[in-house]
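Engineer: What would the 3D arrangement of this be:
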Amino acid sequence: MPQSAPEPPLLSVVVPTRNEAGNVETLVQRLGAVLTGVPTEVIFVDDSSDHTPAILERIAANPPPGVSIRVLHRAPAQQTGLGSAATEGFKMASGHLVAVMDGDLQHPPELLTRMIETLEDNDFD
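Structural biologist: Residues are numbered from 1 along each chain as shown. As a prediction, the model looks like this:
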């Protein structure tokens, strides 16, 4: 019997990163804590030259419950800035809603649930 395709997540969080080894683990922990019960995928589009790729691979292998993590490491020729990283993440996203967050914790993950509620309560795009 053929298996049906898995349900897409409610939320895709696109995170462009460049040398954020000190932040990505904390970011994922905070996302996991605040998005409990919200099917979520986190997409890292990584242009790093530090240890960020290794940390992302480790985190992706053991994500928080209810969160899937996808990582795209871009080759140097493809590393053309924040805008193109966000665009690559949008192309990969499968969630009903998509958010973009900086990898440096500048954007508080704790605001995501309020943003989701506002979008759903007001039928915004």
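Engineer: Can you tell me how far the residue positioned nearest the centre of the chain is from residue 27?
Structural biologist: Nearest to the mean C-alpha position of the chain, by Cα atoms, centre = their mean, lies residue 42 at 2.4 Å. Distance, residue 42 to residue 27, by Cβ to Cβ, to the nearest Å: 8 Å. Where C-beta positions appear, they are placed from N, C-alpha and C, glycine not excepted.
Engineer: what is in contact with those two at once?
Structural biologist: residue 15 (Cβ atoms under 8 Å, 6 or more residues apart in numbering).
Engineer: if we can go back for a sec, show me how far the helix or strand where the residue nearest to the centre of the chain lies is from its chain's centre.
Structural biologist: Using DSSP states H and E, residue 42 falls within strand 40-46. Here strand 40-46 shows a centroid-to-chain-centroid distance of 3 Å under the convention Cα atoms, centre = their mean, to the nearest Å.
Engineer: Now residue 124: closest residue in space that isn't a chain neighbour?
Structural biologist: Sequence neighbours aside, residue 118 is the residue nearest to residue 124 in space, at 7.2 Å (criterion: Cβ to Cβ, 6 or more residues apart in numbering).
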